[in-house]
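J.: 3D model of this:
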Amino acid sequence: MEIRELQWFVALAESEHVTSAAERLNIAQPTLSRALARLEKRVGVPLFDRRQNRLHLNKYGEVFRAHAVRAISEIDRAEQRIATLIDPDTGTIALGFLHSYGTWLVPGLLAGYHRIAPATTFELRGSAADAVVDGVRRGRLDLGVTSPRPADDSLHWTPLRDERLVLLVPADHQLASRDRVQVAELATESFLALQPEFGLRQVADRLCEAAGFTPRIVMESTELSTLRSLVASGLGVAVVPATGDVTAHHGRTVSVPLTDPGAFRTIGVIVPAGGPRAEVVARFYDYIRSTAEHGEE
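T.: Predicted structure coming up:
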């Protein structure tokens, strides 16, 4: 049994569709089907139930997947430990983060760490908060930089710093001349927002809830840059971070500070509750925590 066939099985178990799994793995569909047939012949039972051209992981498949994931993880750890013995700073770290952190926070962290450990390489994956959390939980990511704090006992969270939030309005909006605004004043506004799985959306929704209203959201986006562009086009207002790309629509939008006590999002780093498994990840994790403006939790 080859390790790559175990990896193929785990990918197939996640998608439960041969065509999509083959595309994701960049292999031919017949190759994947033959590998599954060999695997099922070896273990002696079907691992999937076949229903209308789709696969459904059965009870035998669930057992096999749990052991396959552990086997793959052990092989990965062995390779990482050997690489660490050769050079503690050599290795690849899969780092997940919110899209908006890719314009300022993540580049700064990587530049600082590169001066310390230039041999360390990174796989960078920007995504929504829920996807970052799920990636770390499932082991697809070594660690994640995200907000807000996830409600998940299988993960350990270290707060790093607070990022102030502001109200972004079109330049001709009635609030554009204000030097500050309270969220309670925005109950009648048309809001532009990220989709619900994004951490910023979750923080903004809680701000409005604390102010006693549900925001009237007229458009949703998956990109903060798109959100800023929609505001610049006069389609509504949005709660956005004060940091990041704040000059893209200079003259067309205005950032008005929010005075509410909760008008910030806390940026933190998450790892599995047991800590990083590989030394190369542990060293980078320690470096990130050394940059924290918050105390350790």
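J.: What are the buried residues along the strand ranked longest in the chain?
T.: Taking DSSP state E as the criterion, the chain has its longest strand at strand 155-170. Using 16 or more other Cβ atoms under 10 Å as the test for burial, strand 155-170 gives 155-160, 163, 165-170. (C-beta placed from N, C-alpha, C; glycine too.)
J.: and which of these is nearest to Val133?
T.: Ranked by distance to Val133 (Cβ to Cβ), the buried residues of strand 155-170 are led by Leu155 at 6.9 Å.
J.: Can you give me the distance of that closest one to Val63?
T.: Applying Cβ to Cβ, to the nearest Å, the value for Leu155 to Val63 is 25 Å.
J.: What's the first helix or strand after the strand or helix carrying Ala22?
T.: Assigned by DSSP states H and E, Ala22 belongs to helix 18-25. Per DSSP H and E, the first helix or strand lying C-terminal to helix 18-25 is helix 29-43.
J.: returning to what we had before: compute the inter-axis angle for the helix holding Ala22 and helix 29-43.
T.: Orientation note: helix 18-25 sits at an angle of 100 degrees relative to helix 29-43 (axes from the mean of the first three to the mean of the last three Cα atoms, to 10 degrees).
J.: And the contacts of helix 18-25?
T.: 7-8, 11-12, 14-15, 28-29, 31-33, 36, 55 (Cβ atoms under 8 Å, 6 or more residues apart in numbering).
J.: Enumerate the positions of that helix that are buried.
T.: Neighbour counts over helix 18-25 (16+ other Cβ under 10 Å) mark 18, 21-22, 25 as buried.
J.: chain center to it: distance?
T.: In this view, helix 18-25 has its centroid 23 Å away from the chain centroid, taken as Cα atoms, centre = their mean, to the nearest Å.
J.: got it, and stretch 113-121?
T.: Here the centre of stretch 113-121 is set off from its chain's centre by 22 Å, with Cα atoms, centre = their mean.
J.: Then stretch 196-212?
T.: How far stretch 196-212 lies from its chain's middle: 18 Å, per Cα atoms, centre = their mean.
J.: Val218 belongs to a helix?
T.: No - counting by DSSP: H, G, I helix; E, B strand; the rest coil, one finds Val218 to be strand, located in no helix.
J.: can you count the residues close to it?
T.: 13 (other Cβ atoms under 10 Å).
J.: who touches it in this structure?
T.: The contact partners of Val218, by Cβ under 8 Å, 6+ apart, come to 190-192, 235-236.
J.: And for Tyr60?
T.: Tyr60 neighbours (Cβ under 8 Å, 6+ apart): 43, 45-47.
J.: Report the distance from the helix or strand hosting it to the chain centre.
T.: Tyr60 belongs to helix 59-86 when assigned by DSSP H and E. On the basis of Cα atoms, centre = their mean, helix 59-86 sits 23 Å off its chain's mean C-alpha point.
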